[in-house]
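Peer 1: what follows is a predicted protein model with its sequence.
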Amino acid sequence: MGYIATFDKETMVVTISKGSEVVKSGSMKDMVNGQDPRNIDAIAEDLKSEKHEQVYAELVVLPIYQRLAFPCAHGAPVSGRCRLPHYRWEYPLEPKVYAEIYMDKTAVEIGEKLKVFQEAWKSSRDCALLTAQLQKYKRGNGPKITNVVGMAMGSLSIITSYTAVDWMRERSALQTAGLITISEILGEPGAPLPVVVQDPMNSLRDKEFFSSQLEFKPLDHPDGFSAIDSGSLVLHIVTPAEMDYWIACGQRPAAIIRSASAAHINFPN
């Protein structure tokens, strides 16, 4: 089970749990990443006035991992975010709770908004390149892909800028559209491959949308990693360098897409 944060408004206590296990609990002031959570409702009210739409606040849990830096090949120290194989990331620290603001949209409304980006995706060069690559792979003798895992694509309903005129980030929407394409092409007619999605920033509304409108399976961090197996195609674009390490700790997937250009797919030997 992944991490979940709950808030009791009467006691002002935040509790982080993983399944039935309580990982940590404490006051809002101590638990929520330096923010005074009592101001969250006020922020939401300001956004309602500014955007003339309904918004709401939700707590999300981001497990923080310590990055262990090792010297690169020639001995010079380099950044802990380096993608070089001389680096590894481990030692999970205490999970952090963040208060995020989301658009108050239903699963159906999120789906209607996504359709606009789907049409743009279908007519894009990247979609054409990805389709050609996947069809070629399907005709070949590579490992059979039986499922698709989308990692860290971002929330479809989060507000990332308090002055944003519109909502739904293009990057997140286009990656979601790409997952739909992947599952359809690699599946059979009328039977797309099963899809798992994981992002700690996904709200309850996002998860409802994925499960009810797309029939994707949304998982909480870090449960998505255990869904990766030898038949998985993993999509993770513009993600932290740690993502490669965490994926490598489990079963080796059949294929990985990790470039902003859909033409670049890593098919492991």
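Peer 2: It's in. Fair warning: this is a prediction, and the values are worked out from it, not measured in the lab. Numbers count the residues shown, from 1 in each chain.

Peer 1: can you map out the strands along this structure?
Peer 2: 3-8, 13-18, 21-27, 55-62, 65-68, 88-92, 96-103, 147-151, 195-198, 217-219, 232-235, 255-257, 265-266 (DSSP state E).

Peer 1: next, format the ones you listed as JSON lines and append distance to L186 and mean neighbour count.
Peer 2: C-beta coordinates here come from the backbone N, C-alpha and C atoms, glycine included. Compiled in JSON lines, the strands of the chain are given as follows (distance: least, Cβ to Cβ, whole Å; neighbours: other Cβ atoms under 10 Å):
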{"stretch": "strand 3-8", "distance to L186": "30", "mean neighbour count": "17"}
{"stretch": "strand 13-18", "distance to L186": "32", "mean neighbour count": "19"}
{"stretch": "strand 21-27", "distance to L186": "36", "mean neighbour count": "13"}
{"stretch": "strand 55-62", "distance to L186": "31", "mean neighbour count": "20"}
{"stretch": "strand 65-68", "distance to L186": "31", "mean neighbour count": "14"}
{"stretch": "strand 88-92", "distance to L186": "30", "mean neighbour count": "13"}
{"stretch": "strand 96-103", "distance to L186": "31", "mean neighbour count": "21"}
{"stretch": "strand 147-151", "distance to L186": "7", "mean neighbour count": "25"}
{"stretch": "strand 195-198", "distance to L186": "10", "mean neighbour count": "24"}
{"stretch": "strand 217-219", "distance to L186": "16", "mean neighbour count": "21"}
{"stretch": "strand 232-235", "distance to L186": "7", "mean neighbour count": "25"}
{"stretch": "strand 255-257", "distance to L186": "9", "mean neighbour count": "24"}
{"stretch": "strand 265-266", "distance to L186": "12", "mean neighbour count": "16"}
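
Peer 1: need those strands in a markdown table (columns: mean pLDDT).
Peer 2: As requested, these are exported to a markdown table (pLDDT from 0 to 100):
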| stretch | mean pLDDT |
| --- | --- |
| strand 3-8 | 70 |
| strand 13-18 | 75 |
| strand 21-27 | 76 |
| strand 55-62 | 71 |
| strand 65-68 | 46 |
| strand 88-92 | 45 |
| strand 96-103 | 74 |
| strand 147-151 | 96 |
| strand 195-198 | 97 |
| strand 217-219 | 95 |
| strand 232-235 | 94 |
| strand 255-257 | 90 |
| strand 265-266 | 47 |
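
Peer 1: nearest to V116, out of the ones you listed?
Peer 2: strand 96-103 (14.9 Å; Cβ to Cβ).

Peer 1: with just CA atoms, put that closest one into CSV.
Peer 2: Coordinates of each C-alpha in strand 96-103 appear next as CSV, following Å, rounded to 0.1, in the frame of the first residue of the first chain:
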residue,chain,number,x,y,z
LYS,A,96,6.9,14.8,3.7
VAL,A,97,3.3,16.1,3.4
TYR,A,98,2.5,18.9,1.0
ALA,A,99,-0.7,20.9,0.7
GLU,A,100,-1.7,21.3,-3.0
ILE,A,101,-4.5,23.2,-4.7
TYR,A,102,-6.6,21.4,-7.3
MET,A,103,-9.5,22.4,-9.6
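
Peer 1: since that was my last question, I'll sign off now.
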